[in-house]
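K.L.:
Quick one: sequence and predicted model below, then my questions.
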Amino acid sequence: MILFIKRIIKFGLISGMGFICDLLAYFLFLSANFDPFNANILSSALAVSFVYMVAGRFIFIENKLTLVKYIFWLLYQLINIILFSFTISMLVKIGIHPIISKLIIIPFSFLLNYMAMKLILNKA
């Protein structure tokens, strides 16, 4: 239980750094007139690669990072990013600001990403 709590806190910190990169890139893409869907895909792709490399190295250290595991992570994230980008687009269409829409999805994304990384690194 203590190991789980330590891992979730570390994952939260690393994900927080990834989130800051994600949000900054998202804001920059929106400023460059990208639509929210594409801005989220690009900013999220940067963030998920960062989180995989850093979390895999410092949290799930007993599991070797491999190209196969990274490909599984990217495939999972591709589906995840598309679904969350669609969700952001729907939230924007109903009148929620794009940045607020992005913030709404973060807790759900965090939890799913932790579970997926643990599964992929332990099983793939």
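P.N.:
Thanks, I have the structure now.
K.L.:
so where's the longest helix in this protein?
P.N.:
For the chain, the helix with the greatest residue count under DSSP state H is helix 2-31.
K.L.:
Neighbours of residue 70, how many?
P.N.:
Residues lying near residue 70 (other Cβ atoms under 10 Å) number 16. For glycine as for every other residue, the C-beta is placed from the backbone atoms N, C-alpha and C.
K.L.:
Next secondary structure after the longest helix of the chain?
P.N.:
helix 36-58 (DSSP states H and E).
K.L.:
Quick one: distance of that following helix to the chain centre.
P.N.:
Centroid displacement of helix 36-58 relative to its chain, using Cα atoms, centre = their mean, to the nearest Å, is 5 Å.
K.L.:
Check stretch 113-124 too.
P.N.:
13 Å.
K.L.:
circling back to that earlier point, by contact count, what packs against the longest helix of the chain?
P.N.:
helix 36-58, helix 98-123 (3 or more Cβ pairs under 8 Å, 6 or more residues apart in numbering; DSSP states H and E).
K.L.:
buried set for that helix?
P.N.:
The neighbour-count check on helix 2-31 (16 or more other Cβ atoms under 10 Å) flags 7-8, 11, 14-15, 18-19, 21-23, 25-26, 29-30 as buried.
K.L.:
and of those residues, the nearest to residue 55?
P.N.:
Nearest to residue 55 among these is residue 14, at 4.9 Å by Cβ to Cβ.
K.L.:
The closest one is in contact with residue 52, isn't it?
P.N.:
No. Shown here, residue 14 and residue 52 do not form a contact pair, counting by Cβ atoms under 8 Å, at 9.8 Å.
K.L.:
Give me the below-cutoff pLDDT ranges for this protein.
P.N.:
Applying pLDDT under 70 to the chain flags the ranges 62, 123-124.
K.L.:
Any idea which residue is closest to the centre of it?
P.N.:
The residue lying closest to the centre of the chain (Cα atoms, centre = their mean) is residue 48, at 4.7 Å.
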